[in-house]
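K.L.:
Fold the following and give me the result.
(one chain, ligands or ions: 4)
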Amino acid sequence: HAKVGGRNQLRFFDPSMTRDLVRKKEIETELRSAILRDELSIFFQPIVDLKTGRIRTFEALVRWFHPEKGELRPDEFIPVAEETGVIITLGNWITAQAAKAAAQWPDDVTLAVNLSPLQIRAPGAALGILNALRDAGLPPHRLELEVTESLFMDDSENTARFMQELSAAGVNFALDDFGTGYSSLGYINNFPFKKIKVDRSFVSGPHIGRKSDAIIRAVAEMGSTLEMEIVAEGLETVEQVQAVSAAGCTLGQGYYFSRAVPDFLAAMLLAQERDGLDTGKRLAS
Ligand code: C2E
Ligand code: MG
Ligand code: MG
Ligand code: MG
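P.N.:
Ligands and ions are numbered 1, 2, ... in the order given. Alright, predicted model coming up:
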């Protein structure tokens, strides 16, 4: 996604390009020390059972509170971390931190962690994850790794080995942002996915209507036949929640239920559920 060959390729000088480059360079340098300086933290967003309203999973989402730049979005620094290889260190840290928090939750609540393709390519990646789980005291079946289809683009043999190794240990896999990439059914057929997360562009935005609804229905239908769970991402309104439930999705995630929250708030949402109070609906918006 470098700005090469795009619509702007004939421009000789684009000040915004220089700004982008400078910012990227800064992010790269600062990201390396951000972990040590304690500027990063893991937030958790609930994934809710659409039938019962109960929290089934929390997805770990990294946040960077930069002393000068303020809060940086993962969309801004994760790509830089991937390009520079920092994602390996960062990813290990995220998995370890998130697993520690999750080990405090009730046994039936799982943790979802996003994985970048580069993390999987690193030697000993699967073992590293299992070690982090052991150190945190989180059983492997309580971890779900979210990967996107970009993972299969380059080295599907290595990917297959990685997924088999972790699946054998009990770790589950979710296919994230489904519908935005090639959406090849081959991946679903060939790899051990337990969940499909339908991208939020099918739930809200300019392309919502009869067609997107039919697509969600078809994916949900396939999910129930294959005994996979279908998660609808980006649910912001009650109408969207009703629509995806009617379409057959079993799980939902989005600001309607809660934004990503710090670990103490995640634990509080679970405690409220345990005490029979209504879930975190809008609690943290
Ligand atoms: P993702 O894995 O698809 O995560 C879902 C994103 O959608 C999150 O953005 C979440 O805050 C946002 N979201 C959730 N509900 C709603 C909603 O109702 N409306 C809208 N508009 N957005 C919603 P976030 O946290 O900014 O993360 C963006 C992406 O960055 C993630 O997409 C994931 O690809 C990546 N990312 C985040 N944390 C990590 C991480 O720890 N490791 C890696 N490798 N990637 C991460
Ligand atoms: Mg995700
Ligand atoms: Mg997603
Ligand atoms: Mg995404």
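K.L.:
Tell me which other helices or strands the worst-scoring helix or strand of the chain on mean pLDDT touches.
P.N.:
Least confident element among the helices and strands of the chain, by mean pLDDT, DSSP states H and E: helix 151-154 (a mean of 80). Counting contacts by 3 or more CB pairs under 8 Å, 6 or more residues apart in numbering; DSSP states H and E, helix 151-154 packs against helix 117-121. (Each C-beta comes from the backbone N, C-alpha and C, glycine too.)
K.L.:
Buried residues in the helix it packs on, which are they?
P.N.:
Neighbour-count burial for helix 117-121 flags Pro117, Leu118, Gln119, Ile120 (criterion: 16 or more other CB atoms under 10 Å).
K.L.:
Any part of the least confident helix or strand of the chain near ligand 1?
P.N.:
No - contact of helix 151-154 with ligand 1 (CB under 6 Å from any ligand atom) is absent, the minimum separation being 10.9 Å.
K.L.:
What segments of this structure are helices?
P.N.:
Using DSSP state H, the helices of the chain run over 15-34, 74-84, 87-102, 117-121, 125-136, 151-154, 156-169, 185-190, 210-225, 238-246, 263-274.
K.L.:
before we move on, back to that, export the buried residues of helix 117-121 to JSON lines and tack on distance to ligand 1 and pLDDT?
P.N.:
Supplementary listing: the buried residues of helix 117-121 in JSON lines, determined by distance: CB to the nearest ligand atom, whole Å; pLDDT from 0 to 100:
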{"residue": "Pro117", "distance to ligand 1": "9", "pLDDT": "92"}
{"residue": "Leu118", "distance to ligand 1": "9", "pLDDT": "91"}
{"residue": "Gln119", "distance to ligand 1": "7", "pLDDT": "93"}
{"residue": "Ile120", "distance to ligand 1": "11", "pLDDT": "92"}
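K.L.:
spatially speaking, which residue is in the middle of this protein?
P.N.:
The residue lying closest to the centre of the chain (CA atoms, centre = their mean) is Asn114, at 4.2 Å.
K.L.:
who touches it in this structure?
P.N.:
By CB atoms under 8 Å, 6 or more residues apart in numbering, Asn114 lies in contact with Glu59, Ala60, Leu61, Leu145, Glu146, Val147, Asp176.
K.L.:
which other helices and strands contact the longest strand along the chain?
P.N.:
Under DSSP state E, the strand in the chain containing the largest number of residues is strand 55-66. Strand 55-66 sits against helix 15-34, strand 40-49, strand 70-72, helix 74-84, helix 87-102, strand 110-114, helix 263-274, with contacts defined as 3+ CB pairs under 8 Å, 6+ apart.
K.L.:
so which of these comes closest to Ala220?
P.N.:
strand 40-49 (14.5 Å; CB to CB).
K.L.:
Next, the buried residues of the closest one.
P.N.:
For strand 40-49, a neighbour-count test (16+ other CB under 10 Å) marks Leu40, Ile42, Phe43, Phe44, Gln45, Pro46, Ile47, Val48 as buried.
K.L.:
show me the contacts for the closest residue to the third one other than its chain neighbours.
P.N.:
Distance criterion CB to CB, 6 or more residues apart in numbering; nearest residue to Phe43, sequence neighbours excluded, is Ala260 at 3.7 Å. Ala260 makes contact with Phe43, Phe44, Gln45, Glu59, Leu61, Arg63, according to CB under 8 Å, 6+ apart.
K.L.:
Phi, psi for Ala260 please.
P.N.:
The phi/psi pair for Ala260 (degrees, to the nearest 10) reads phi -70, psi 130.
K.L.:
Make 36 the starting number, not 1.
P.N.:
New numbering, starting at 36: the last item is Ala295.
K.L.:
Look up the pLDDT of it for me, please.
P.N.:
Note for Ala295: predicted pLDDT of 98.
K.L.:
before we move on, what about Lys232?
P.N.:
Lys232 carries a pLDDT score of 97 in this model.
K.L.:
what sits opposite the residue nearest to it when sequence neighbours are not counted in the beta ladder?
P.N.:
In space, and not counting its chain neighbours, Lys232 is closest to Val266: 4.4 Å by CB to CB, 6+ apart. Note on Val266: beta-bridge partners Lys232, Leu286, judged by DSSP bridges.
K.L.:
interface residues of the stretch 136-285 of the chain facing ligand 2?
P.N.:
Counting by CB under 5 Å from the ion, the stretch 136-285 of the chain comes close to ligand 2 at Asn149, Glu181, Asp211.
K.L.:
Alright, calling it a day.
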